[in-house]
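# Give me coordinates for this.
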Amino acid sequence: MEQNNQNPARAPEQDVSQQAAVRRQKLADLRAAGQDPFAITRYPQDAFSEDLKAEYADLPAEAETGRVVCLAGRMMSKRVMGKASFAHLRDAKGDIQVFARRDVMGDEPYAAFKKLDIGDVIGCRGEVFRTKAGELSVRVTEVTLLAKSLLPMPEKFHGLTDREARYRQRYLDLMVNPDVKDTFVKRSRILQELRSYLDGKGFLEVETPILTPFEIGASARPFLTHHNTLDMDMVLRIETELYLKRLVVGGFDRVYEVGRIFRNEGMDPKHNPEFTTIELYQAYTDYHGMMDLVEEMMKTVAGKVCGTLQVSYQGQVIDLSHWERMTMKEAVRKYSGVNFDAVASDEEAIALAKQHNVELPEIPTKGAILAEFFDAYVEENLIQPTFIYDYPVEVSPLAKRKPDDPMFTERFEYFINATEFGNAFSELNDPIDQKGRFERQVAERKQLDPASRAQVDYDYVTALEYGLPPTGGLGFGVDRLVMLLTDSASIRDVLLFPTMKPLDK
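Numbering: from 1, shown residues only. Here you go, the predicted structure:
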């Protein structure tokens, strides 16, 4: 803007309700004059701020274009200077200056322009030109009020800085913090690139049920609901896996789903009760094939969205061009010094856990204790992209056992910045083994929680009995990937409307 575009300073004692009352009176006056802005149904918008700036990037100062455009958006600032005024209009693509003069618009239209408030949605018709100061602007001949803002916006130089308020009133956050809007534009681009990559590999995107008939034996706690017509309890899904693998049985060799998942559990900067995952399954490959896919997919998406494979995240440079691969036993040995190849029994593992102050799992087997050692010693060290593979069977109920070591499974997780980003298996396709694991899992759940309503999904076992080909499967959190590629510290920063506790009842 030509001059200071700061919003006029407000006296501290000027109450928001008083400002709102003034705005409502302005609306009442407009309606009394037959000019209700809420009665307008459309506006002939034919140009956008950033497009004009790009098109006329080489236009010199004080030059005219002769081009008349119709812009529409929200007034973000206004500076009244007697017979001429400046304002900034924010549309879907950015901001542009508008210049209003009384001798161009006429006395009454110009007077109406001066009465507009910051936050009002307006349409502007005028000629594109560059000012003496060098700013591309629109010299308006007419301005139309399209929606009256009845509440004052946050002051520009203080803004909406309270995080709780930003999450609760995301519409205000988006209005006044352009970088927030950029984050969500980038989120959409990330999803587009993920879909593009998978589609290009021959995967078919599908949809599976969100409401499922019963709680499975997995440890994640579901949300419960009730279907009135069928008079049956149902749960919101905690995964999309079992339905997708049914489709592989049915003949879809490559499928994926971008799915909303619901888990009735804790909340922290990495967890929200509802979140987005992508699960995909590919017949005739294994977990090594999934590792290769993850590495190529991550490099492709980061390269297209960020333009680089060296991504800055919370002060740390993450190099997505290089991925380390270690078995869980190798990683535990590297970071704790404990060699689980030399551990002969559950009792020895329990003694090691006590010696190293590692928390014992609820069912303390050697494999489960190895996983606890990993959590205690390894994960915090996995800053750069790392695949950890060959997980104990105790913590991998859906993964295929390793043929040469049936106490372990063909499973991996990948970690970046000490955070798990995804989980993959060579899928278990032995229906007898799967049934036994399901039944043990449900029995263990009910032993720990007698009130648990977990059940075995016997229909899935039946599907396996018809034959699931060798299959590699992968599931990963979209929200954590968006956090990484947008340098966002909290999952709430990448969810438009995160789950929030009500301010009052």
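
# rest of the way, CA atoms for contacts and neighbours
Will do.

# Now do the strands in the stretch 401-505 of the chain.
401-402, 405-416, 419-426, 471-477 (DSSP state E, counting those that start in this stretch).

# Enumerate every residue touching Lys245.
281, 468 (C-alpha atoms under 8 Å, 6 or more residues apart in numbering).

# Which one, of the strands of the stretch 401-505 of the chain, ends up nearest to Asn264?
Proximity of the strands of the stretch 401-505 of the chain to Asn264 was assessed by C-alpha to C-alpha; the nearest stretch is strand 471-477, lying at 16.6 Å.

# which residues are in contact with stretch 21-30?
By C-alpha under 8 Å, 6+ apart, stretch 21-30 touches 36-37, 117, 148-151.

# so can I have CSV of these showing neighbour count?
Output for these, formatted as CSV (neighbours: other C-alpha atoms under 10 Å):
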residue, neighbour count
Asp36, 17
Pro37, 17
Asp117, 21
Lys148, 20
Ser149, 19
Leu150, 18
Leu151, 19
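
# before we move on, the earlier item: how about the strands of the stretch 401-505 of the chain, which one is nearest Leu194?
Using C-alpha to C-alpha, the nearest of the strands of the stretch 401-505 of the chain to Leu194 is strand 471-477, at 11.5 Å.

# check contacts around the residue nearest to Val206 when sequence neighbours are not counted.
In space, and not counting its chain neighbours, Val206 is closest to Glu257: 5.4 Å by C-alpha to C-alpha, 6 or more residues apart in numbering. Glu257 sits next to 205-208, 240, 277-280 when contact means C-alpha under 8 Å, 6+ apart.

# Now do the phi/psi pair for Glu257.
phi -140, psi 130 (degrees, to the nearest 10).

# Can you spell out which residues form a bridge with it?
Glu279 (DSSP bridges).

# I'd like to know how far it sits from Arg246.
13 Å (C-alpha to C-alpha, to the nearest Å).

# one step back: could I get the contacts of stretch 21-30 as JSON lines with pLDDT?
Shown next, in JSON lines, are the contacts of stretch 21-30 (pLDDT from 0 to 100):
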{"residue": "Asp36", "pLDDT": "95"}
{"residue": "Pro37", "pLDDT": "95"}
{"residue": "Asp117", "pLDDT": "96"}
{"residue": "Lys148", "pLDDT": "97"}
{"residue": "Ser149", "pLDDT": "97"}
{"residue": "Leu150", "pLDDT": "96"}
{"residue": "Leu151", "pLDDT": "94"}
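
# got these as CSV, with secondary structure columns?
As requested, the contacts of stretch 21-30 are arranged in CSV below (DSSP: H, G, I helix; E, B strand; the rest coil):
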residue, secondary structure
Asp36, coil
Pro37, helix
Asp117, coil
Lys148, coil
Ser149, coil
Leu150, coil
Leu151, coil
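
# which regions of the stretch 51-200 of the chain lie under the pLDDT threshold?
155-161 (pLDDT under 70).

# Let's see that with 90 instead.
81-82, 153-166, 176-178 (pLDDT under 90).

# Show the residue spans covered by the strands in it.
So, for the stretch 51-200 of the chain - with DSSP E, counting those that start in this stretch - the strands run 64-81, 84-90, 95-101, 121-130, 136-147.

# before we move on, the earlier item: now, among the contacts of Glu257, which is nearest to Ser452?
Nearest to Ser452 among these, with distances taken as C-alpha to C-alpha, is Thr240, at 21.0 Å.

# Can you tell me how far that closest one is from Leu382?
27 Å.

# Comparing the two, which residue is more hemmed in?
Between Thr240 and Leu382, counting by other C-alpha atoms under 10 Å, Thr240 is the more crowded of the two (23 against 19).

# wait, doesn't that one sit right on Gly259?
Yes. Counting by C-alpha atoms under 8 Å, Thr240 does reach Gly259; the two are 7.1 Å apart.

# Mind listing the shared neighbours of the two?
Common neighbours of Thr240 and Gly259 (C-alpha under 8 Å, 6+ apart) are Glu279.

# ok, the nearest residue to Ile383 once chain neighbours are set aside - contacts?
The spatially closest residue to Ile383, leaving aside those adjacent along the chain, is Asn417, at 3.8 Å (C-alpha to C-alpha, 6+ apart). Shown in contact with Asn417 (C-alpha under 8 Å, 6+ apart): 318, 380, 382-385.

# can you tell me which residues contact Gly477?
275-278, 421-422.

# Setting aside sequence neighbours, what's the nearest residue to Lys78?
Lys78 sits nearest to Ala87 (C-alpha to C-alpha, 6+ apart), 4.1 Å away.

# from what I can see the one you found touches Phe113, true?
No. Contact criterion C-alpha under 8 Å: Ala87 and Phe113 do not qualify, at 10.0 Å.

# what pairs with the residue nearest to Lys78 across the strands?
Lys78, Val98.

# quick one: contacts for Pro213?
232-235.

# Quick check: of the residues you listed, which lies closest to Ala54?
Val235 (50.9 Å).

# Next, that closest one: phi, psi?
Per degrees, to the nearest 10, the backbone of Val235 is at phi -130, psi 150.

# So what's the residue count around it?
Neighbours of Val235 (other C-alpha under 10 Å): 20.

# Next one: it, what pLDDT does it get?
Model confidence at Val235, given as pLDDT, is 94.

# Make sure it is actually in contact with Pro209.
No. Taking contacts as C-alpha under 8 Å, Val235 lies outside contact range of Pro209: 10.5 Å.

# where in the stretch 301-450 of the chain is pLDDT low?
In the stretch 301-450 of the chain, residues with pLDDT under 90: 362-363, 394, 396-399, 437, 440-441, 444-450.

# please redo it, this time with the cut-off set to 50
Nowhere does the stretch 301-450 of the chain drop to pLDDT under 50.

# In it, what residue spans correspond to helices?
328-336, 346-355, 366-373, 431-448 (DSSP state H, counting those that start in this stretch).

# of all those, which gets the most neighbours per residue?
Comparing these by mean neighbour count (mean count of other C-alpha atoms under 10 Å), helix 366-373 comes out on top with a mean of 22.

# Output that one as PDB - backbone C-alpha positions only.
In PDB, the C-alpha atoms belonging to helix 366-373 read as follows (Å, rounded to 0.1, in the frame of the first residue of the first chain):
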ATOM      1  CA  LYS A 366      11.000 -62.500  25.000                       C
ATOM      2  CA  GLY A 367       9.600 -61.000  21.900                       C
ATOM      3  CA  ALA A 368       7.400 -58.500  23.700                       C
ATOM      4  CA  ILE A 369      10.300 -57.500  25.900                       C
ATOM      5  CA  LEU A 370      12.400 -56.900  22.800                       C
ATOM      6  CA  ALA A 371       9.800 -54.500  21.600                       C
ATOM      7  CA  GLU A 372       9.900 -52.700  25.000                       C
ATOM      8  CA  PHE A 373      13.700 -52.400  24.700                       C
END
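
# who touches that helix?
Counting by C-alpha under 8 Å, 6+ apart, 328-329, 332, 336, 340, 343, 345-347, 349-350, 353, 358-361, 391-395, 407-408 sit against helix 366-373.
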